[in-house]
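S.K.: next input, structure requested:
(2 chains)
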Amino acid sequence: MNYFPDEVLEHVFDFVASHRDRNAVSLVCRLWHRVERLSRQRVFVGNCYALSPEILIARFPGLKSLTLKGKPHFADFNLVPHDWGGYVQPWIEALSNSRIGLEELRLKRMVVSDESLELLSRSLANFKSLVLVSCEGFTTVGLAAIAANCRFLRELDLQENEIDDHSGHWLSCFPDSCTSLISLNFACLKGEINLAALERLVARSPNLRSLRLNRAVPLETLQNILMRAPQLVDLGTGSYIHDPDSETYNKLKHTILKCKSIRNLSGFLEVAPRCLPAIYPICLNLTSLNLSYAAGIHGSELVKLIRRCAKLQRLWILDCIGDKGLEVVASTCKELQELRVFPSDVLGVGHAAVTENGLVAISAGCPKLHSLLYFCQQMTNAALIVVAKNCPNFIRFRLCILEPTKPDPVTMQPLDDGFGAIVQSCKHLRRLSLSGLLTDRVFLYIGMYAEQLEMLSVAFAGDSDKGMLYVLNGCKKLRKLEIRDCPYGDKALLTDVGKYETMRSLWMSSCEVTLGGCKTLAKEMPRLNVEIINEHDQMEIGSEEQRVEKMYLYRTLVGPRKDAPEFVWTL
Amino acid sequence: MSSPLLRAVEGEQSDVSLVASSPTVDSSQNGSGLKERNYMGLSDCSSVDSSAVSSLSVEKNNNLNLKATELRLGLPGSQSPGRSSLNTGKLDEKPLFPLLPSKEGIYSSIQKNVVSGNKRGFSDTMDVKNSVYTAGNWMFNSASESESPQSVEQGKFSGNSGMNVVPSSRPSGAQSSIMKEFPGNLLQEHHRATIGTSHNHKTASNNNNSAPAPKAQVVGWPPIRSFRKNSLATTSKNNDEVDGKPGPGALFVKVSMDGAPYQRKVDLRLYATYQELSTALEKMFSCFTIGQCGSRGAPGKEMMSESKLRDLLHGSEYVLTYEDKDRDWMLVGDVPWEMFIDSCKRLKIMKGSDAIGLAPRAMEKSSNRI
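M.R.: Below is the predicted model:
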């Protein structure tokens, strides 16, 4: 291959799309490294503190699309204090000062300020796509800047962000000349929206394929929008409430018949179930259905709807569907690949309406299932063994029994054998979340069998350091390990310190690791940032035996971060 | 669900006589129809604006709010005298802490009991079978983001035991457990602490709680994004308003405090009264004022000095305020609880000196709304 000119190499590399493959390509030799980096357009940074913007910009001058992740995953569940970090501002500043013509920015769990959005919109002339997932720190003022200044904007996708709503007028900031929108998702906005501006925007966006509305958009507007955009592929309704005997509803029924392209349906943040029949005609075409925010649709209506969705590949629902409802899913949705069942009682200490029976039914009826997130009341080993047998193709298996440390209710045994069956059978398993009563044995199984495992989430499990050690020793591809409330201490932490440089990050909270142990680790591994989140405002010098409440460590090229707040100590 | 139970007790007359034992409440007994708002926590408070407070619709709530909004910061796990009695009256459950004479020793021992170094005591963690849910477990629910010492220590559940076990039955230094309906020994076998603490064994045998303990809630569990939690709360509230039922779900708002290094979040739906909220916040933020929270030190290691504790309990330098939908800062406690939940966007614990002058605006606003 060395005899080929660079252009040929580059052309070949064009066919190498995945990040991992391109990373591998860049390690072959200096030549390939150079060709690869100069031609690379898409970069994924799993931990924004693993490197600096300058390093990124220097290496990939042709960068067009950047994905950045900030806070650790457990920040989603309020385990990371506010102000921990994850600011995008330095990245945007660096990019705007460079010659990089960034076109796409995808952020997850980062702090984004209005200032950052404004800077982005003004300095990146070719900016086309902004995707923010689970971010915070900005308001509709920032959105207005994006709308007003990004002349070629194609995508504005806001998923589950905490956004302060100052006014709905940001939508009016899209200039009349903006006709390039392909995807607009503002479902997570809580405030009012200028409906007329929205309708005009849709009318002048012939390429619009994906539109997800927020709660403030009523059914009348939905009707008007669908009239103008029957080409939509992805629709998220806003407030879906009306009088089913009304003229508006009738019109909607007819309009929807024309929307033959809709494949993804979501929303129904507010819903009048009697209006659901309007969408029945499109159900047969649906490949993705997200009703996980539709608390207003009760079990029987859910079932009626799902019976019509024979082609569904992805389904997100609330557990009010019940085991019986899941049986209907199993008999109807033979193409199902991804299922998420969320608890409708979000306080979590109540009753989940699904049990192991629902899962078993799904596994029997949906052999293509490969991704699962399942919140349930209980689980048995027997059920997990059956599931493992029925569905050997799991890539993601996340099971959350609502009651921590709950054993198998039939045998009163821990769930070691059940999860053991899962890891043994599912040879491609990459992500696993455990729950229920578990001993060290389950980790022995995981270490033995879960060869492809990349991410493991553990809570309230295990008896001793051995559990964690089994995993660290056995799972060669482990990248992210997050542990809470487990009895793992310094011995588990320190036995194989080199392992952590092969991983992205390790989170341990409410475990038994001590300050002394963390200090030792930090000393031995200078290329790790070992951060202690210290909420008591005091960590006395000399109290090495003191247990550390929260520790987050990650590999990094750039040493301790400079934006750490007072309560975060990098050892 | 907490909401039906707790909303039912909204607007009940508080038993003011029980509260009267506290010196700071004396001002409410003047019987002149003017209810002094004791924001400063002093009995001769500068609540000159109290005259603005006595609008009829909130008069009933005043009796509650007077005490409830007084943000008095004590040890985490401690209960100011007088509060527990209100709890008893309102929630119809065992008092969180029975009325005790204000002996510092008891408070610190309560604190230590709750905090003593029990880590992996799953056996003594939550009462998993209890079907009585109550927002009395605010210690955890409110600590959705926070790691106040109790919740941190017990891995989220067992601190609850601190709330529901009558202190007298609690051996010092040991963790009382709430074990219900679990084959008692099974869990202990599986969840021994590793590092030689004897606490789990102690606690395993410590099934001494006779009260039906409410289900405890764990910080960050179940693992659902708070955005989703909040969203379902609003959704079900709107839907249920149509049906006439109160809705479940969480309503997280940020709480910041002058001088604290970072903010916390609380779930407003877990409380039914201002008092509950303020007690929860006391616990959450007390570690900042005291400057030393009992972490896993042995009992007695971080004892509060007598005088310091007394100062905090009676000093009450802090005031609870909130930012409403119109982005104005108001004193907490002026409006009925439901209205407060609807309009509260953020909470802030301010130094009392900074909060003077907020009261009249608050009352004007709410009278404008009516």
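
S.K.: and A:G86, how many neighbours?
M.R.: Using other CB atoms under 10 Å in any protein chain shown, A:G86 has 25 other residues around it. For every residue, glycine as well, the C-beta is placed using N, CA and C.

S.K.: so what pLDDT did the closest residue to it other than its chain neighbours get?
M.R.: The shortest distance from A:G86 to any non-neighbouring residue, by CB to CB, 6 or more residues apart in numbering or on different chains, is to A:G70 (2.6 Å). Looking at A:G70, its pLDDT stands at 96.

S.K.: now A:G70: how far from chain B?
M.R.: According to CB to the nearest CB, to the nearest Å, A:G70 stands 15 Å off from chain B.

S.K.: surely that residue and A:Q89 touch.
M.R.: No - when contacts are counted by CB atoms under 8 Å, A:G70 is not listed as touching A:Q89 (11.5 Å).

S.K.: what's in contact with stretch A:225-237?
M.R.: A:183, A:185, A:187, A:198-199, A:202-203, A:205-206, A:208-213, A:217, A:222, A:252, A:255-256, A:258-269, A:290 (CB atoms under 8 Å, 6 or more residues apart in numbering or on different chains).

S.K.: which of the residues in that stretch are buried?
M.R.: For stretch A:225-237, a neighbour-count test (16 or more other CB atoms under 10 Å in any protein chain shown) marks A:225-229, A:232-237 as buried.

S.K.: endpoint to endpoint, that stretch covers what distance?
M.R.: One end of stretch A:225-237 to the other measures 11 Å (CA to CA, to the nearest Å).

S.K.: and it, how far out from the chain's middle?
M.R.: The chain centroid and the centroid of stretch A:225-237 are separated by 25 Å under CA atoms, centre = their mean, to the nearest Å.

S.K.: quick one: mean pLDDT for that stretch?
M.R.: For stretch A:225-237, the mean pLDDT works out to 95.

S.K.: now stretch A:381-394
M.R.: On average, the pLDDT along stretch A:381-394 is 96.

S.K.: mind checking how far that stretch is from the chain centre?
M.R.: With CA atoms, centre = their mean as the basis, stretch A:381-394 stands 25 Å off its chain's centre.

S.K.: narrow the buried residues of stretch A:225-237 to those in strands?
M.R.: Of the buried residues of stretch A:225-237, the ones assigned to strands by DSSP state E are A:234-236.

S.K.: could I get these as CSV with distance to A:V80?
M.R.: Formatted as CSV, those follow (distance: CB to CB, whole Å):
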residue, distance to A:V80
A:D234, 31
A:L235, 34
A:G236, 28
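
S.K.: let me know the closest of those to chain B.
M.R.: Nearest to chain B among these, counting by CB to the nearest CB, is A:G236 at 13.0 Å.

S.K.: need phi/psi at the residue nearest to A:G86.
M.R.: phi -110, psi -90 (degrees, to the nearest 10).

S.K.: can you pull the pLDDT of whatever residue of the stretch 151-300 of chain B ends up closest to chain A?
M.R.: Nearest residue of the stretch 151-300 of chain B to chain A (CB to the nearest CB) works out as B:G220 at 3.6 Å. B:G220 is assigned 85 on the pLDDT scale.
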